[in-house]
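Colleague: the following block contains a protein sequence and its predicted model.
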Amino acid sequence: MPERIHGHEVMAMMIESGAPYTRESLRAAIVAKFGKDATFYTCSAENMTPDELIAFLQARGKFVDSDGGFQTDASKMCDH
């Protein structure tokens with residue numbers, strides 16, 4: 001059974017790295033950290049692939065433009 005990862009764990013990984021990401025580099029980082037079979041969920045969505053999670057987070061305004069791509073910060077995480 002694939003591991004289920006909350007989207008906040010991906011955002012925390014991004015914050016910890018301090019590096020800007022592109023969609024491609026974020027996808028690669030997600031797969032490297034959580035595995036190719038992991039699925040992702042949030043407070044309002046389930047069973048997402050890395051690409052679906054990236055699109056979901058982007059659509060919800062969770063990314064901040066940065067030199068060379070985008071990043072996130074703790075203020076973008078919901079607390080419920």
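Modeller: Structure's in. What do you need?

Colleague: by mean pLDDT, which helix or strand of this structure comes out lowest?
Modeller: In the chain, the helix or strand scored least confidently by mean pLDDT, DSSP states H and E is strand 64-66, which has a mean of 89.

Colleague: helices along this protein, start to end?
Modeller: Secondary structure of the chain (DSSP state H): helices located at 7-17, 23-34, 50-59.

Colleague: what is the longest one packed up against?
Modeller: In this structure, helix 23-34 makes packing contacts with helix 7-17, helix 50-59, judged by 3 or more CB pairs under 8 Å, 6 or more residues apart in numbering; DSSP states H and E. (Glycine included, C-beta is placed from N, CA and C.)

Colleague: what's the answer for the shortest one, then?
Modeller: Contacts of helix 50-59 with other secondary structure elements, assessed using 3+ CB pairs under 8 Å, 6+ apart, are made with helix 7-17, helix 23-34, strand 39-41.

Colleague: who touches the last one?
Modeller: If I follow you right, that is strand 39-41. For strand 39-41, the external contacting residues (CB atoms under 8 Å, 6 or more residues apart in numbering) are 2-7, 10, 46-50, 52-53.
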